[in-house]
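J.: okay, sequence plus prediction incoming.
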Amino acid sequence: QVQLVESGGGLVQAGGSLRLSCAASGRTFSLYEMGWFRQAPGKEREFVAAVLWTSGTRRYADSVKGRFTISRDTGKNTVHLQMNSLKPEDTAVYFCAAKIVATFVDWGQGTQVTVSS
């Protein structure tokens, strides 16, 4: 099991930026991929971005391409999500997640991101 702790959420105006961080501990040697998901009020949790732990290959949801950047620091077992040009529709609780084999199985507690118009 991998333990995950997110930080960096907050309130920002539309057009602004935030950087989320996620610190991983526990069975980090078994990490395959790390990702960010978000859940807005009344909506299902959705994929935002992910990065393969070894190669660094990244993938993004279409809604955030060109605005968000995911990165990882394998030495510090951390993953970051740089969010630029934020929009009100980006408002959600953002969750960090870890994939060991095929699915994301370990989740953080979430951090709130609120974008005001």
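T.: That came in fine, so what should we check first? Residues are numbered from 1 along each chain as shown.
J.: is Leu11 in a bridge, and if so with what?
T.: On the basis of DSSP bridges, Leu11 is bridged to Thr114.
J.: so it touches Thr114, yeah?
T.: Yes - if you go by CB atoms under 8 Å, Leu11 and Thr114 touch, sitting 4.7 Å apart. To be clear about C-beta, it is placed using only N, CA and C from the backbone, and glycine gets the same treatment.
J.: summarise which helices and strands the helix-or-strand element of the chain with minimal mean pLDDT is packed against.
T.: The helix or strand of the chain with the poorest confidence is strand 104-107; it has a mean of 90 (mean pLDDT, DSSP states H and E). Under the contact criterion of 3 or more CB pairs under 8 Å, 6 or more residues apart in numbering; DSSP states H and E, the helices and strands touching strand 104-107 comprise strand 2-7, strand 33-39, strand 92-99.
J.: can you list these in JSON lines and add mean pLDDT?
T.: Shown next, in JSON lines, are the helices and strands packed on strand 104-107 (pLDDT from 0 to 100):
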{"stretch": "strand 2-7", "mean pLDDT": "94"}
{"stretch": "strand 33-39", "mean pLDDT": "97"}
{"stretch": "strand 92-99", "mean pLDDT": "97"}
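J.: about what we covered before: what about Leu11 and Thr114, which has more around it?
T.: The neighbour count for Leu11 versus Thr114, taken as other CB atoms under 10 Å, is higher for Thr114 (15 against 12).
J.: show me what contacts that one?
T.: Thr114 is in contact with Gly10, Leu11, Val12, Thr91, counting by CB atoms under 8 Å, 6 or more residues apart in numbering.
J.: just give me the neighbour total for Ile100.
T.: 15.
J.: wait, it sits on Ala24?
T.: No - contact criterion CB under 8 Å: Ile100 and Ala24 do not qualify, at 11.4 Å.
J.: find the residues that touch each one of these two.
T.: Val2, Leu31.
J.: grab the nearest non-local neighbour of the residue nearest in space to the middle of the chain.
T.: Against the mean C-alpha coordinate of the chain, by CA atoms, centre = their mean, the closest residue is Trp36 at 2.6 Å. Nearest residue to Trp36 in three dimensions, chain neighbours excluded: Val48, at 4.3 Å (CB to CB, 6 or more residues apart in numbering).
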